Every structure is written in structure tokens, then in C-alpha cells.
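Visitor: What follows is a predicted structure for the sequence shown.
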Amino acid sequence: MENAIVESVCQVQTEPVSNVNVVSVGNQAIVVPDIVRPDQLRFSLNVDVLKQFLNELSSIVDEARLVFNVTDGLVAHVVDPAHISMVQTGIALEMFEEIDWTPKAVTVSEDGYMTELGVDVDKLVSYLKAIKLKDTVLKFSVDFVKRRMTIQSPTGERVISLIDTTGMSDPKIPTLNLPFKIEVKDPKTFRGLIRQASEISDHIALSYDSVANAMWLDCESDMDRLHAQVDGDILETGYSTRERITPTGETERYQTKDCRSLFPLQYVADFVKAIPSTFTLEIGNDYPLKLQYGRTTYLLAPRIESND
């Protein structure tokens, strides 16, 4: 649980002893009878780092539960209201300019969990758009007693109320071993394909053709159609199971490297706006879409096509 930023403020370690918590603050051990959470949390963060984090969250939710972890920094797991898409993202501890909290004798869980805060993502995004700052450090002061967060910038101060996290979900990103994976190095071009598709339909099909060794994006309406190759470096081409109808009318399952899934276009369009650089894209046959870059993972459920 060692980290230069945390150690520069206060060394915090916990060891369970009987039914109490032993908290080490510096060289002094303090025994506390119950879990102690901070009354205040203060940190400084570059505005560009915060914008990227909020853009990822705002693509699917307007409120979020943020967990402060003394090993991982700020972490968020969110699911959209329709339970179709999920995002797991965070800001690494080394990205913070400064971190401090009171009281010093807080209880830290074995996994590094220290505290959490509920935030209005839309309010934060709106505020950052209004101040129009780039490459600037913002100072945050979170008062858990008064349930508010104060943001100080070179242009002024903004106070935003915290949201009660009771009842907020904490979804876990499932482990998916998807057969096809491609690394897309030009997100701008990929966004362009998504924009074209949005003029045609409200769903897109993403597929891999093993004969052509290529990934394709398809959508169509009564009059229009788009069939475009997704440019990138193919990293994995595993097998998946598909079904077909035999000449006798029976359903037959078979293994193939070809795969195809259909997805709601608006969800893809909203999230790819937040992708800043190279990302990986994974699909299977009627399996979720998985996008990854840095500390961020995005999952989107497929639309299962009828065989009728």
C-alpha cells in the first residue's frame, strides 16, 4: 500500500486485531473501536485529466458513485439506467497533484478503500465547460459532514452538493473471453464511421470475416446502406459457436472464426466521443461489445437478432 503521494501526506495502514481497528499514523498506533471515515478530503487535479474522466462517465450516466482508494486513486463503476452499457474507469493516484484528509486516523480496508462520494456528473461537466480552462490545476475540498464539494480555480470558486450514495449500484465488470480483438489506432476515423451510420439506422453490425481477415461495420435502412472496413491491427481471432439450419430443417451448432453482433448505435456514438487515443475493440457472436484503453473498460450488450 505504498505510494509516494500518500506517504507524503500520511502513512496509513490497518491490521485487524480482535474486533477493533489498529491504525498506524506515522510511528504512532491508534486503536479505534469502529470504522473511521474522513470528515474532509482535499486533492488537486489537472483539469484535462478530470475532463477525460467525466466525459467517460457522462456518456452513460448523470450521477456517479466515486470511490477513493489509497492504492488506485478515484475509481468509478457505472451502469446506464437501461442496464445496457457499463463503464469502469478511474484516475490513477499518481495523476493527483496533492491529496490530504482529516482526521488522519482513518480506517483503510484491505483492498485500499477509504471513502466514497456521490457526484452530479452533469453539474461538473457543465462547470468545466463554463470556465474553459486547459492544463490548469483545480483544487477540491470535499466536506462529508456538510455534504458538499468546493472547487477552486484561477477564475473563481464553485460549490456543488454531494449526492447520497445509498442505493447506488456498484456493478462489477464481468470477465469476457471474446474471440475477436482489434487495436484501432485512429479513433477519429472510427467516429466518422459512426457518424455516417447514424444517418442511416439506429443499429450497427460489427463483424469479422475470416476469409478477408477484416472487420466490418454495417448498417442499412430501406433506402441507404453502409458497409465499411474498420481499420486497425488484428490481435486475436479465436473461434466462436454459431447456429445454422440444415437442409433437413434441424438447427446445427458449429465452430467458426467468423463472428457478428448487432448493437444500438446511439450508445456506441455517445461513448466513442470520449475515446482520446488508441483503443482495443472486442466482439463475439451475439456477445457484448468491449472497448478498452488505459484504465477504462466499456461494455455494451448486443441486440439479439431473430432467426425468423
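Guide: It's in. Quick caveat: nothing in here was measured; it's all calculated off a predicted structure.
Visitor: Now do the strands in the stretch 51-200 of the chain.
Guide: Listed in chain order, the strands of the stretch 51-200 of the chain (DSSP state E, counting those that start in this stretch) span 63-69, 73-79, 85-91, 96-102, 113-120, 137-143, 148-153, 156-161, 180-184.
Visitor: Next, format these as CSV and append distance to residue 42 and mean neighbour count.
Guide: For glycine as for every other residue, the C-beta is placed from the backbone atoms N, C-alpha and C. Shown next, in CSV, are the strands of the stretch 51-200 of the chain (distance: least, C-beta to C-beta, whole Å; neighbours: other C-beta atoms under 10 Å):
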stretch, distance to residue 42, mean neighbour count
strand 63-69, 11, 20
strand 73-79, 13, 21
strand 85-91, 15, 22
strand 96-102, 5, 17
strand 113-120, 12, 18
strand 137-143, 5, 18
strand 148-153, 9, 17
strand 156-161, 14, 12
strand 180-184, 38, 21
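Visitor: quick one: the spatially closest residue to residue 52 that is not a sequence neighbour and residue 55, what's the gap?
Guide: Beyond its immediate neighbours in the sequence, the residue positioned closest to residue 52 (C-beta to C-beta, 6 or more residues apart in numbering) is residue 276, lying 6.2 Å away. From residue 276 across to residue 55, the span is 9 Å (C-beta to C-beta, to the nearest Å).
Visitor: which one of these two has more residues nearby?
Guide: When residue 276 is set against residue 55 and neighbours are counted by other C-beta atoms under 10 Å, the residue ahead is residue 55, at 18 against 14.
Visitor: Looking at the strands of the stretch 51-200 of the chain, which is nearest to residue 298?
Guide: Put simply, out of the strands of the stretch 51-200 of the chain the one that sits nearest residue 298 is strand 85-91, at 5.4 Å, with distance taken as C-beta to C-beta.
Visitor: Partner strands of that closest one and their direction?
Guide: Taking DSSP bridges as the criterion, strand 85-91 sits next to strand 73-79 (antiparallel), strand 296-300 (antiparallel) in its sheet.
Visitor: Who are the contact partners of residue 264?
Guide: Neighbouring residues of residue 264 by C-beta atoms under 8 Å, 6 or more residues apart in numbering: 84, 202, 203, 300, 303.
Visitor: Could you rerun that using 7 Å?
Guide: Taking C-beta atoms under 7 Å, 6 or more residues apart in numbering as the contact definition, residue 264 lies against 84, 202, 203, 303.
Visitor: Could you report the pLDDT at the second one?
Guide: At residue 202 the predicted local distance difference test score is 95.
Visitor: Quick check: the gap between residue 37 and residue 113.
Guide: 10 Å.
Visitor: and what of residue 236?
Guide: 33 Å.
Visitor: What residues are bridge-paired with residue 138?
Guide: Residues found in beta-bridge contact with residue 138 (criterion: DSSP bridges) are residue 45.
Visitor: now do the one 4 residues further on
Guide: For residue 142, the beta-bridge partners under DSSP bridges are residue 41, residue 149.
Visitor: try residue 283
Guide: Going by DSSP bridges, residue 283 forms beta bridges with residue 180.
Visitor: those strands in the stretch 201-308 of the chain, which residues are they?
Guide: Remark: strands assigned in the stretch 201-308 of the chain by DSSP E, counting those that start in this stretch are 203-209, 214-220, 225-230, 233-237, 240-245, 251-256, 259-264, 279-283, 289-293, 296-300.
Visitor: Tell me what angle the third one forms with strand 180-184.
Guide: Translated: strand 225-230. Strand 225-230 and strand 180-184 meet at an angle of 80 degrees, taking axes from the mean of the first three to the mean of the last three C-alpha atoms, to 10 degrees as the criterion.
Visitor: Pull the distance from strand 225-230 to the chain's centre.
Guide: Centroid separation for strand 225-230 versus its chain: 27 Å, with C-alpha atoms, centre = their mean, to the nearest Å.
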